[in-house]
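[1] Could you look at this predicted model? Sequence included:
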Amino acid sequence: GQWQCALGLFVGMQRTELQPNVISYNSTISACEKDGQWQCALGLFVGMQQIELQPNVISYTSTISACEKGGRWQHALGLFVGMQHNELLPNVFSYSSMMSACGKGGPWQRALGLFVGMQQIELQPNVISYTSTISACEKRGQWHCALRLFVGMRQMEWLPNVISYSSTISACGKGGQWYRALGFFVGMQQIELL
């Protein structure tokens, strides 16, 4: 995969006595993240700190996303807290990755808390933020919550994607709200997402 190529270039850079910087670390972490190699991404993140390079928001966010893809929500949470401890402000992508990590194995309430928290610091959620939180609610059978988020997304004039609809339909189904689920299914057909 691409992560192996990126890692090979990164190691080759060090062999030629070129010192990696934050950008080269971030690029390699990002390549690992995209291929789901959370251990590699986390190892690089730790490695950059060992040589006294200060991770930036991109470093943290890419590593959080890698942990999310690897189903390691506790690691993602540690990074998210560490980012704030180091006085770096998470961006919409940091929050969305963290919400998704909570949805894949962590507490759904934490995903919802992050969703509310990002708005309190005046970050506007995007489709990914909404969808990640809807998905977290769906996985725990919280159809009321998923429905409120879906309606809120529409009120903010965000166009829901297939995952937004599917998660909301599934949440309604788990909650015995078949008529609502059917309504969302028809809505998907009307905007030609099926």
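    Received it, and whenever you're ready, just let me know what you need.

[2] who's in contact with the helix or strand Ala101 falls within?
    Ala101 is part of helix 92-103 when elements are defined by DSSP states H and E. For helix 92-103, the external contacting residues (CB atoms under 8 Å, 6 or more residues apart in numbering) are 57, 60-61, 64-65, 67-68, 72-73, 76-77, 80, 83, 90, 108, 110-111, 114-115, 117-118, 123-126, 128-129, 132-133, 135-136, 139. In this view, the C-beta of every residue, glycine as well, is placed from N, C-alpha and C.

[3] again, only using 7 Å
    With contacts defined as CB atoms under 7 Å, 6 or more residues apart in numbering, helix 92-103 is touched by 57, 60-61, 64-65, 67-68, 73, 76, 80, 83, 108, 110-111, 114-115, 118, 123, 126, 128-129, 132-133, 135-136, 139.

[4] tally of neighbours for Gly36?
    Gly36 has 15 neighbours, counted by other CB atoms under 10 Å.

[5] ok so, going back, mind checking which of the contacts of helix 92-103 are buried?
    60-61, 64-65, 67-68, 73, 76, 80, 83, 108, 110-111, 114-115, 118, 123, 126, 128-129, 132-133, 135-136, 139 (16 or more other CB atoms under 10 Å).

[6] For Gly70, give me its contacts.
    Applying CB under 7 Å, 6+ apart, we find Gly70 in contact with 36, 38.

[7] What score does it have for pLDDT?
    pLDDT for Gly70: 94.

[8] Any figure for the gap between it and Leu77?
    Here Gly70 is placed at a distance of 13 Å from Leu77 (CB to CB, to the nearest Å).

[9] immediately after the helix holding Ala101, which helix or strand?
    Next along from helix 92-103, by DSSP H and E: helix 108-120.

[10] Nearest residue to Phe150 in space, ignoring adjacent ones along the chain?
    Counting by CB to CB, 6 or more residues apart in numbering, the nearest residue to Phe150 once its immediate chain neighbours are dropped is Thr168, at 4.6 Å.

[11] The one you found: neighbour count?
    Residues lying near Thr168 (other CB under 10 Å) number 30.
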